[in-house]
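Visitor: coordinates only, no sequence provided:
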């Protein structure tokens, strides 16, 4: 086999002449990035011995290290293994205005598994689908994702390994695995090509860079980063701010019909409730314990009108659980750390450990409810969100997490009665404010948005349960019963 | 042995008559807590079978679960084991305005080790000292820490275990360990008394509660929580806001003398620096790799005048490291999540994993520099901080982390020259603002504060290195050399 193409080598003098301008441009990029409305994610992946580490270190030397963080994904920790596979990447995302470099990216995690059998190859393809979705999601959220693949021919790889081995300072970097890779170059090239094809999408393309000549490689990567940043900045600056929509028009009237068809005046006396409650609390306790013993986590999602009784329902529910095993996450305005991340980041961070329970008091559905109605996000953003939310939940359920979603439905008259009661009752006054009244005036818009949510995010693995909540006793019992049934079904399934 | 004192049992009727008022008071407490300037940490510890879990679950049922989180410390995860032992408790602290309940507390972690040998008992005593310090630190920071110990005599414990065993619904809760505990009741009582004595301090006392009668126990715990909260609220409301001190007076003039004695005009030409730099970068690279191989982490702390060259020094330093192993944490204004925690929380959260490096660009020393001078914290707060910072670092070094602290010292004239240069140079303008000029006008106050810091936080295990920084080349080389030497010394020691 021919030696790697020597003709392409860039003379040192030419290289050194070009470096100062590139370094300057990188630092200027970081200064501009600080005020840009997006983060940079740079994936430096490639063949073995193609110099991924060298490129990452070089960029770190050229950039201001205070604005960039580098990650490499080795063996997952036990805290990572207990969560859905993408959790470990979510926790390493840079906030807006900062940059992260991923040596090998998440892609190396999948390639390292080196799939051979049909089963392994299926799993590999599935991971690639998750990666493609992850990148699409972040890019849609405005993130700049730059992916470079450093390519090395079999011959060039062998030459590089020999050269590393010949120097006592670098010989330790060559492992038996590297030679194994070189011998199976074609197999690995096929796998990595499959990986690139599966994750090469508009907005998140792969840039394949010839890594034969380290100097040419360094320049190519740097230029790719700079050009991508300039393009992204120009695109992002053209996007106007979000604004409140004039009207809220239904996307799927079937959802609204389902909502309006709900019979709200459900009879159940306080006495009848008291009589049945303990039996169902006991069942729920046992169901959650059984799930925990099998390492299955549970996520409860509570959505509903203001004053629909979410808090009360959560209290009854948690009274059946061991306090050491659950967390209640009230979702209000995001913190400033949450605001500079993708809108799903704040939910990913609370994903439960194996056998634990997370209860969200309001949730990611705010994206298609309040954010849609108040114009906190743009039209395409909430439209796209239905699929994003479904996918998020699909990742939870695929990991074995049981997802229970409740919409607590109230009549407008009953809400008014409860608002007045809160205003009149001393110890309830903190539960009502001007915003509640403002939301109430937009009842029809919310109804429409809830209908769309029900129609577009009701899935067999994470179904919506509509709870008539005018009668609090009925609602609470209904939630207990439904939870028991869905958990039992999930454990049998 | 006599049966547990039946006379003390509280009739069910009396209990139920008192519960509604207590539940109401608990919820009122939570409402008030939301706007209180402190968090509540409730430790529910006690003898085996004393009903810790029952009390924790009961409180969770009585409280609004959205404002409280419950923790129990089982086996540390691998991410926890890689950090100093107190890290796992720091990550479970509630923010201001919220409450955390600790089933067993950190104390159970130490008691579970069940020390017998002199070596084990020494280690036990050391952990108790850490606990006492931790509680003192948080209480000084304003946190309300309520610690209850549920006490059960040997006989009452046996009776409780038998009663649990006799009911098929609770029999699973009794383990062989529980009976073992009962047989060694005296030994465990001695250990837990030693624990309580070591951690019973002003402001963080233990409340020992007789747990023989579950109803009386429940009421006693609840009343203790309510009374502690009322006291704390009254105390905290009396504390006025922090204000800017009129003058900054030296506590330890020796530190200032040391600072002023530093010779700033160190000769080292650019050429001489270039010649020596690579040798020291290579040494540093090897030193850090050796440390990593032994699981030793490194923490670099960079403090210094504005424009002293901290950023540049960090860049030179990181060029010797593998980007996958270090993180640079620039310390600016705290985020809002950081603001509602103890001031050390934001530093604890970045403690490096085993074999990794964290570089702090400015650090916890802000407490005794900018916060002291600008009056962002109160007089007793920064005065107390010297000991707190020493102790924080002692915990890092005790865990094997190598702590390298640099103060980059500049003459006032050189600072002026650099400020002007920044203003005049296009691509440096972002590095200078009005605040830099404001700080410069307080040069003497900062000098005094730096002097005190040097005098009071220079410790053999985490010494301060003063670096003359008028000559950038000299400063950078000095930092490289000193770092190599201190790492080598730490690895030999």
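Guide: Everything's here; your move. Because the structure is predicted, anything quoted here is derived from the model rather than measured.
Visitor: what segments of the stretch 301-450 of chain A are helices?
Guide: A:310-318, A:336-339, A:345-348, A:370-374, A:379-398, A:412-424, A:434-441, A:443-457 (DSSP state H, counting those that start in this stretch).
Visitor: which of those helices sits closest to residue B:462?
Guide: Closest of the helices of the stretch 301-450 of chain A to residue B:462 is helix A:336-339, at 29.0 Å (criterion: Cβ to Cβ). Using the backbone N, CA and C atoms, a C-beta is placed for each residue, glycine as well.
Visitor: buried stuff in the closest one?
Guide: residue A:338 (16 or more other Cβ atoms under 10 Å in any protein chain shown).
Visitor: residue A:315 contacts residue B:65, doesn't it?
Guide: Yes. Residue A:315 lies in contact with residue B:65 (Cβ atoms under 8 Å); the separation is 6.0 Å.
Visitor: looking at the two, which is more packed in?
Guide: Remark: of residue A:315 and residue B:65, residue B:65 carries more neighbours, 24 against 19, as counted by other Cβ atoms under 10 Å in any protein chain shown.
Visitor: mind pulling up the pLDDT for residue A:4?
Guide: For residue A:4, the pLDDT comes out at 40.
Visitor: with residue A:242 instead?
Guide: Taking residue A:242 on its own, its pLDDT is 86.
Visitor: residues touching it, list them.
Guide: Residues in contact with residue A:242 (Cβ atoms under 8 Å, 6 or more residues apart in numbering or on different chains) are A:375, A:376, A:377, A:378, A:381.
Visitor: distance check, residue A:434 against chain B.
Guide: 18 Å (Cβ to the nearest Cβ, to the nearest Å).
Visitor: hang on, I meant residue A:300
Guide: The span separating residue A:300 from chain B equals 11 Å under the rule Cβ to the nearest Cβ.
Visitor: the helix or strand containing that residue: partners in the sheet, and parallel or antiparallel?
Guide: In this structure, residue A:300 sits in strand A:298-304 according to DSSP states H and E. Strand A:298-304 pairs in its sheet with strand A:357-361 (parallel), strand A:402-409 (parallel), by DSSP bridges.
Visitor: now tabulate these in a markdown table and tack on mean pLDDT, distance to residue B:362 and mean neighbour count.
Guide: Converted to a markdown table, these look like this (pLDDT from 0 to 100; distance: least, Cβ to Cβ, whole Å; neighbours: other Cβ atoms under 10 Å in any protein chain shown):
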| stretch | mean pLDDT | distance to residue B:362 | mean neighbour count |
| --- | --- | --- | --- |
| strand A:357-361 | 97 | 35 | 22 |
| strand A:402-409 | 98 | 43 | 23 |
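Visitor: quick one: closest of those to residue A:24.
Guide: Closest to residue A:24 of the strands paired with strand A:298-304, according to Cβ to Cβ: strand A:357-361, at 46.8 Å.
Visitor: what angle do the closest one and helix A:379-398 make?
Guide: With axes from the mean of the first three to the mean of the last three Cα atoms, to 10 degrees defining the directions, strand A:357-361 sits at 160 degrees from helix A:379-398.
Visitor: report the distance from strand A:357-361 to the chain centre.
Guide: Centroid displacement of strand A:357-361 relative to its chain, using Cα atoms, centre = their mean, to the nearest Å, is 17 Å.
Visitor: give me the angle between it and helix A:310-318.
Guide: Going by the same axes, to 10 degrees, strand A:357-361 makes 170 degrees with helix A:310-318.
Visitor: how about the strands in the stretch 1-150 of chain A?
Guide: For the stretch 1-150 of chain A, strands defined by DSSP state E, counting those that start in this stretch occupy the ranges A:40-46, A:68-71, A:99-103, A:144-151.
Visitor: closest to residue B:443 out of those?
Guide: That would be strand A:68-71 among these, by Cβ to Cβ, at 32.4 Å.
Visitor: from memory residue A:113 sits against residue A:120, does it?
Guide: Yes. If you go by Cβ under 8 Å, residue A:113 and residue A:120 touch, sitting 6.9 Å apart.
Visitor: could you give the average pLDDT over stretch A:213-226?
Guide: Per-region confidence: stretch A:213-226 scores 97 on mean pLDDT.
Visitor: mind listing what residue A:296 touches?
Guide: A:354, A:355, A:400, A:401, A:402, A:490, A:491.
Visitor: how about residue A:257?
Guide: Taking Cβ under 8 Å, 6+ apart as the criterion, residue A:257 is in contact with residue A:451.
Visitor: with residue A:73 instead?
Guide: By Cβ under 8 Å, 6+ apart, residue A:73 lies in contact with A:88, A:89, A:102, A:104, A:106, A:108, A:109.
Visitor: now do the domain split for chain A, please.
Guide: With domains defined by automatic domain parsing, chain A comprises A:6-236, A:253-492.
Visitor: out of those, which gets nearest to residue B:465?
Guide: When the domains of chain A are compared (using Cβ to Cβ), the closest one is domain A:6-236, at 20.0 Å.
Visitor: how far does the closest one sit from its chain's centre?
Guide: With Cα atoms, centre = their mean, you get 20 Å for domain A:6-236.
Visitor: could you tell me which residues of the stretch 1-150 of chain A lie near chain B?
Guide: A:24, A:27-28, A:31, A:34, A:53, A:56-57, A:59-61, A:64-67, A:69-72, A:77-79, A:101, A:103 (Cβ under 8 Å from any Cβ of the partner chain).
Visitor: list the contacts of the residue nearest to residue A:173 when sequence neighbours are not counted.
Guide: Once flanking residues are discounted, residue A:173 sits nearest to residue A:164: 5.6 Å by Cβ to Cβ, 6 or more residues apart in numbering or on different chains. Contacts for residue A:164 (Cβ under 8 Å, 6+ apart) come out as A:49, A:170, A:171, A:173, A:174.
Visitor: got these as JSON lines, with pLDDT columns?
Guide: Shown next, in JSON lines, are the contacts of residue A:164 (pLDDT from 0 to 100):
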{"residue": "A:49", "pLDDT": "93"}
{"residue": "A:170", "pLDDT": "82"}
{"residue": "A:171", "pLDDT": "85"}
{"residue": "A:173", "pLDDT": "83"}
{"residue": "A:174", "pLDDT": "89"}
